[in-house]
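Chemist: predicted model follows, preceded by the sequence.
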Amino acid sequence: MRRNPQLNKNGELQHLLSIEGLPREVLERVLATADSFIGVTEREVKKVPLLRGKSVFNLFFEPSTRTRTTFEIAAKRLSADVINLNIAASSQSKGESLLDTVANLSAMQADIFVVRHGSSGAPFLIAQHVKPHEHVVNAGDGRHAHPTQGLLDLYTLRHYKKDFTRLTVAIVGDVLHSRVARSLIHGLTTLGTPEVRVIGPQTLIPTGVEALGVHVYRNMREGLKGCDAVVMLRLQNERMRGALLPSAQEFFKHYGLTADKLALAAPDAIVMHPGPMNRGVEIDSSVADGPHSVILPQVTFGIAVRMAVMSMVAGASA
Amino acid sequence: MRRNPQLNKNGELQHLLSIEGLPREVLERVLATADSFIGVTEREVKKVPLLRGKSVFNLFFEPSTRTRTTFEIAAKRLSADVINLNIAASSQSKGESLLDTVANLSAMQADIFVVRHGSSGAPFLIAQHVKPHEHVVNAGDGRHAHPTQGLLDLYTLRHYKKDFTRLTVAIVGDVLHSRVARSLIHGLTTLGTPEVRVIGPQTLIPTGVEALGVHVYRNMREGLKGCDAVVMLRLQNERMRGALLPSAQEFFKHYGLTADKLALAAPDAIVMHPGPMNRGVEIDSSVADGPHSVILPQVTFGIAVRMAVMSMVAGASA
Amino acid sequence: MRRNPQLNKNGELQHLLSIEGLPREVLERVLATADSFIGVTEREVKKVPLLRGKSVFNLFFEPSTRTRTTFEIAAKRLSADVINLNIAASSQSKGESLLDTVANLSAMQADIFVVRHGSSGAPFLIAQHVKPHEHVVNAGDGRHAHPTQGLLDLYTLRHYKKDFTRLTVAIVGDVLHSRVARSLIHGLTTLGTPEVRVIGPQTLIPTGVEALGVHVYRNMREGLKGCDAVVMLRLQNERMRGALLPSAQEFFKHYGLTADKLALAAPDAIVMHPGPMNRGVEIDSSVADGPHSVILPQVTFGIAVRMAVMSMVAGASA
């Protein structure tokens, strides 16, 4: 049997490429390690020397200030040296291939590559070619996966709801184009969440998504009933221009999260969103800023989760 | 009475938003603190651990390599972790609001936001919404204020002239569009400067500027008479294209600082400029590089002043 | 006699502007110092405190992510504070002159300026104007020089071939536009390499290049005979659009390095390339990735060489 490319022979996390395929113990170890970093980020001196002298390369083939920033902060709080590379604007335009770019950076003695790429699978390809002591963390690849976002979502759910095995979670909106949704569904399933629902218009729900163990709802009110957590997805503006959706107003009417619709969920339901939000499109401001919202704590947990992932992979040899 | 939003209940500087409204003691404390950092920047190892483990976000909604660099250096010499965010190119284009952007960064456990924004008042808005332990430093907002530039101008004047209460200072050029001029005038007034003059063509002097306690001169030669310091302002090229000014040559003839005109000021007058200079437009090279010029020392003092401001706000709780 | 602008009165390297004119002992000292840093970059904690508290400004007037990254890593591994400045996008567009930009950064207490500029000689001009304790490292100026690339090439040759005085080295391709070629030729000559060849079409070989002590070959097969090292140059795509070259296919046929042509060199010949490679244009993938290729080790050595240069100049006073 071929070994999971994310784990070393001791079953330790060596790369983080996708939540899919990660065993429950590994997910739980990430969440537990993140716990220990929450304290660090609240201290006066928000630094630990775990990655001192290590080089972290933020390899962003797709621009994303927000995600790049979270990794940069996480790495700096681990005392790493961080190098930001916006690749769209450089070597790629000189016609250098992805693997040549990585081979070059690897020759500069890299320790961790944080990779965001428009093509699904790019971080896997890179992980196959790096040296044993080098580690790849997927920061979002095409429509495929965004595992650190999935992990921070899991961390948030565990923080507020403790026990995954008694949860009902709804994921709402543009599931079709969402790597966030995909990563979260795999994580929830692995951790034993009994009821995962996806809610959205037919055009934005992937065909055959039920095979992942989720229930599909077209009607949001029905889908929200009794949910313990509602995860709203960002609606990309460009979807509106195509034939997939009539208009932002129409979408908001049916799938925007309002206080009214949220009242159908459990009384202590939490509301999550990966950000950045389109207020008035997928979520109403009264909900985004309301008492059920844990959208900003998600961001805080995201730093701790990324510190956990980077410190774990850096500690695992091939 | 509503408390000054820049000061905490002990009267300590908590945010630096504008020189307007800052009491004399606070201005003097900044200048005295800057004194102590001049030594640091001249040392072999130009670092002090005052902000170790703190996160400084350089939030530039308007590009400015020069100002961003001064804050980046100042923060690094205080041992802070610095994250540069050029926001024009990121979240704002995704339609995220200013306050959502800041709330997100705040959730990443920020300590200091250095904010440059095209809209007057943006740093005030941010300061109203950050957490008690977070601090905002205005790095230039619209036409409103540029307080660290104003403070470094004050530092420079004090360094060379010692006593504000016996000074005559002339500010020359495009006062209308200058946040530098506005900040400096408030500072000079607060520190008791008896004679502040603004010199420029009618189209570039704000109506009613006399209310700030300054004297207006259209004729530069008259205005420079007996001045102890001449502060030249940068003339934005775009002004020339509009109806405000005939041409750069014409402007230079009337309001450009030449050795000839400077001879009318006090024999030991100093010449200042916030940079970058338009040589041959607002200032002649012989003056810019001449014995009266303190334009480069201003830059050096600017680092110390920014170190002072950041270390002071970081030490003040809400 | 005018002193070499790169050396101080004790003959120590004060600026690195060009390999041309550097005495053999200085080149050898750089290579020996780089040796000592190879160990550092292989350690768990890849840092030494040699430049702690020093400010290194990466002044890139021409974009180059790859070269900028190598300097940034080298400086951070020496514990310096690094400030990246992409000048095309800032002050220059505000009409500030090169020397004003540098004078300003110098007033911020710089220690080392790493300069990449489109105009030949720009780093020399800067070196003439900086303060005695400031140092300039040329990271590529126009078509003139790229001395750290030349030094890492020399380091690579010495690493694999030990003795320069018994070497035959061929430099192949667009010698005309290559600052890499120019720097390397001077270095090889200074270190006593008996046979340096340049190979390329007439349009891409500078007239009178023989004066540098090299032999010119139009026929690549002839030129490669018995070579101990083959240095392939990058072919800029823009050359193809002009009248200098018929097509990439045609170029590859005559001057692309294939296994077939390489077989004419010495059996233990090494193949070098400054990167980024145009596979299938100047070099075949089977050679680029083959057993003779030392292209990736060149990158690794490049970090050590840049650490050597920066630590040496920082230790030399004027």
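Modeler: That came through fine.

Chemist: tell me if residue A:113 really is in a helix.
Modeler: No: using DSSP: H, G, I helix; E, B strand; the rest coil, the assignment for residue A:113 is strand, not a helix.

Chemist: show me what contacts it?
Modeler: Residues near residue A:113 by C-beta atoms under 8 Å, 6 or more residues apart in numbering or on different chains: A:57, A:59, A:102, A:105, A:126, A:130, A:134, A:135, A:136, A:137. Any C-beta I mention is one placed from the backbone N, CA and C, and that applies to glycine too.

Chemist: for the residues you listed, which one is nearest residue B:86?
Modeler: Taking C-beta to C-beta as the measure, residue B:86 lies nearest residue A:59 of the contacts of residue A:113, at 18.4 Å.

Chemist: SS state for that closest one?
Modeler: strand.

Chemist: skipping its backbone neighbours, what lies nearest it in space?
Modeler: Spatially, and ignoring its direct neighbours in sequence, residue A:59 is nearest to residue A:115 (4.8 Å; C-beta to C-beta, 6 or more residues apart in numbering or on different chains).

Chemist: longest helix of chain A?
Modeler: The longest helix of chain A (DSSP state H) is helix A:295-315.

Chemist: where do the helices of the stretch 151-300 of chain A begin and end?
Modeler: In the stretch 151-300 of chain A, the segments counted as helices under DSSP state H, counting those that start in this stretch are A:179-190, A:220-224, A:237-241, A:248-255, A:259-262, A:285-288, A:295-315.

Chemist: contact partners of the fourth one?
Modeler: Contacts to helix A:248-255, defined as C-beta under 8 Å, 6+ apart, come from residues A:172-173, A:199-201, A:220, A:235, A:240, A:245, A:278, A:280-282, A:284.

Chemist: do that again at 6 Å, thanks
Modeler: A:173, A:220, A:240, A:245, A:281 (C-beta atoms under 6 Å, 6 or more residues apart in numbering or on different chains).

Chemist: burial measure for the fourth one, as a count.
Modeler: Same thing as residue A:245. Using other C-beta atoms under 10 Å in any protein chain shown, residue A:245 has 17 other residues around it.

Chemist: how much space between it and residue C:244?
Modeler: Per C-beta to C-beta, to the nearest Å, residue A:245 is found 51 Å from residue C:244.

Chemist: one step back: what is the nearest of the contacts of residue A:113 to residue B:6?
Modeler: Nearest to residue B:6, judged by C-beta to C-beta, of those is residue A:57 at 39.7 Å.

Chemist: next, the contact list for the closest one, please.
Modeler: Each residue near residue A:57 by C-beta under 6 Å, 6+ apart is listed here: A:83, A:105, A:110, A:113.

Chemist: which residues of the stretch 1-150 of chain A fall in helices?
Modeler: Counting by DSSP H, counting those that start in this stretch, the stretch 1-150 of chain A has helices at residues A:24-42, A:65-77, A:98-107, A:122-129, A:147-161.

Chemist: can you pull the buried residues of the third one?
Modeler: I take that to be helix A:98-107. Of all the residues in helix A:98-107, those buried under the rule 16 or more other C-beta atoms under 10 Å in any protein chain shown are A:98, A:100, A:101, A:102, A:103, A:104, A:105, A:106, A:107.

Chemist: mind listing what the residue of the stretch 201-318 of chain A found nearest chain C touches?
Modeler: For the stretch 201-318 of chain A and chain C, the shortest gap (C-beta to the nearest C-beta) falls at residue A:314, measuring 10.2 Å. Counting by C-beta under 6 Å, 6+ apart, residue A:314 makes contact with residue A:51.

Chemist: make it 7 Å
Modeler: Listed by C-beta atoms under 7 Å, 6 or more residues apart in numbering or on different chains, the contact set of residue A:314 reads A:51, A:54, A:111, A:112, A:135.

Chemist: ok, so of these, who is nearest chain B?
Modeler: For those, the nearest to chain B is residue A:51 (13.0 Å; C-beta to the nearest C-beta).

Chemist: among the contacts of residue A:57, list the two that are farthest apart in space.
Modeler: Greatest spatial distance among the contacts of residue A:57 (C-beta to C-beta): A:83 and A:113, at 10.3 Å.
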